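Structure for the following, please:
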Amino acid sequence: MMICVKLTVSGMVQGVGFRWFIKQKATKFGLNGTVRNMANGNVEIEVEGEEERVNALIRFAKAGPSFSRVSEVNIEKKTLTNSYKSFEITY
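Okay, the predicted model is just below:
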């Protein structure tokens, strides 16, 4: 089943390669969406794809790359729009 979720990741997640890490994993899993830094220091991920693959990305977001420290991941289910054609880093 295809799903769409928005993740808000907080902790030490900017300046540590977090967006690149998420893009790499999302591309590997064949997911579409965006990842971006937010002004408050969080990272926001919006992702669409097969539920099993989205859940795998969520697990990676909770762990983060080696230099990050994820303190919380807020998950919000969204309406699937199929508006993304790839996975991109947006600033």
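
quick one, strands of this protein?
Per DSSP state E, the chain carries strands over the ranges 2-12, 32-37, 43-50, 69-78, 87-89.

what does the shortest one rub up against?
Contacts of strand 87-89 from elsewhere in the structure, counted by C-beta atoms under 8 Å, 6 or more residues apart in numbering, are R19, W20, K23, A26, T27, L31, N32, G33, T34, V35, R36, V47. Every C-beta, even on glycine, is put in place using the N, C-alpha and C of the backbone.

picking that back up, kindly compare burial across the strands of the chain and name the winner.
strand 43-50 (a mean of 21; mean count of other C-beta atoms under 10 Å).

Pick out the residue closest to the middle of the protein.
I45 (3.6 Å; C-alpha atoms, centre = their mean).

excluding its backbone neighbours, what's nearest R36?
Counting by C-beta to C-beta, 6 or more residues apart in numbering, T90 is the residue found nearest to R36 once chain neighbours are left out, at 4.4 Å.

still on that earlier bit, with adjacent residues omitted, what lies nearest to the residue nearest to the centre of the chain?
L7 (4.2 Å).
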